[in-house]
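1. structure of the sequence below:
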Amino acid sequence: MSAAADLSSLLATSERIVVFTGAGISTESGIPDFRSPGGVWSRMSPIYFQDFVASRDMRREAWRRVFNKVGGWTGAEPNAGHYAVARLIGSGKASSVITQNVDNLHQSAGAPDDRVIEIHGNASYAKCLQCEKRFELEPLRPRWEADEDITCDVCGGLIKTATISFGQAMPEAAMARAVAEARACDLFLVLGSSLVVYPAASLPLIAKDAGARLVIVNREPTEQDGVADLVLNTEIGALLTAALAPLNSVQ
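-> Okay, here's the model as predicted:
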């Protein structure tokens with residue numbers, strides 16, 4: 001059987017799929033990953049949360065990266081992989097997508113907001129670190145251009161993009177929901193994650209321990225390949241499009 005046929009068979013015999021996505025699904029949209037040569041952190045050092053909070057200069061640098069789109073995380077379009085995930089959710093086969101990505105592309109592809117669990121946050125908007133009010137990015141630009149410190153108009157707290165920075169606490173509610181989803185699924189489908197960043201990388205193991213089948217689709221091998229039921233080292237978009245074709249024809 002082909003890789004697509006193998007995956008299609010597992011999808012067809014599953015009733016509650018949880019999809020878990022990493023940077024590899026979005027590189028097919030032109031978004032750089034973090035750790036590979038040429039990735040984001042090979043071009044610039046991350047700004048740690050405590051430095052953002054403590055230093056006005058670091059906040060200025062963080063906002064410079066946002067408005068100059070240095071990271072490349074915003075402005076891209078969803079690819080075939082994102083649309084395939086949205087179709088899985090829309091069909092009722094998948095209950096949710098847990099994503100390490102901050103690019104908002106699952107929502108842009110049509111996945112409902114309430115089915116997308118963002119465990120590393122979202123780069124497409126900002127939040128007050130104190131009262132958690134949401135702010136859209138562009139209306140904040142004039143304050144950055146005027147060399148102002150960008151603070152909340154409600155409580156005076158610092159505003160930061162809604163991503164989870166190094167040193168920042170993981171979102172408790174999102175992580176609790178992700179763990180619950182992992183425990184409840186019968187198929188855990190990893191797409192484009194190297195599975196090296198914890199606690200996110202513990203989720204496939206939680207699902208496997210709870211009795212789910214585990215599928216890993218990633219260009220490079222991962223440390224969890226040995227416990228997976230199916231490992232496919234290939235491009236995500238083309239594979240999912242082919243794997244979903246038989247399912248689409250019977251719906």
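2. use CA for all of it now, contacts and neighbours both
-> Fine.
3. tell me the strands beside the host helix or strand of residue 98, with direction?
-> Using DSSP states H and E, residue 98 sits in strand 94-99. Partners of strand 94-99 in the sheet, by DSSP bridges, are strand 17-21 (parallel), strand 116-118 (parallel).
4. tell me which of those sits most buried.
-> strand 17-21 (a mean of 27; mean count of other Cα atoms under 10 Å).
5. which outside residues touch it?
-> 11, 85, 93-101, 181-182, 185-193 (Cα atoms under 8 Å, 6 or more residues apart in numbering).
6. check stretch 101-110 too.
-> Against stretch 101-110 from outside (Cα under 8 Å, 6+ apart): 21-23, 26, 73-74, 76-78, 82-83, 85-86, 113, 116, 118, 120-124, 163.
7. re earlier: can you put the strands paired with strand 94-99 in TSV and add distance to residue 173?
-> What follows is the strands paired with strand 94-99, written out as TSV (distance: least, Cα to Cα, whole Å):
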stretch	distance to residue 173
strand 17-21	17
strand 116-118	10
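8. which stretches in the stretch 151-251 of the chain count as strands?
-> Listed from the start of the chain, the stretch 151-251 of the chain has strands (DSSP state E, counting those that start in this stretch) covering 159-163, 187-191, 213-217, 230-232.
9. partner strands of the last one, with direction?
-> As defined by DSSP bridges, the strand partners of strand 230-232 come to strand 213-217 (parallel).
10. related to what we said a few turns ago, quick one: the strand holding residue 98 to strand 187-191, angle?
-> With axes from the mean of the first three to the mean of the last three Cα atoms, to 10 degrees as the basis, strand 94-99 and strand 187-191 are set at 40 degrees to each other.
11. check contacts around residue 242.
-> residue 4.
12. returning to what we had before: what is the mean pLDDT for the strand holding residue 98?
-> Regarding strand 94-99, the rounded mean pLDDT is 98.
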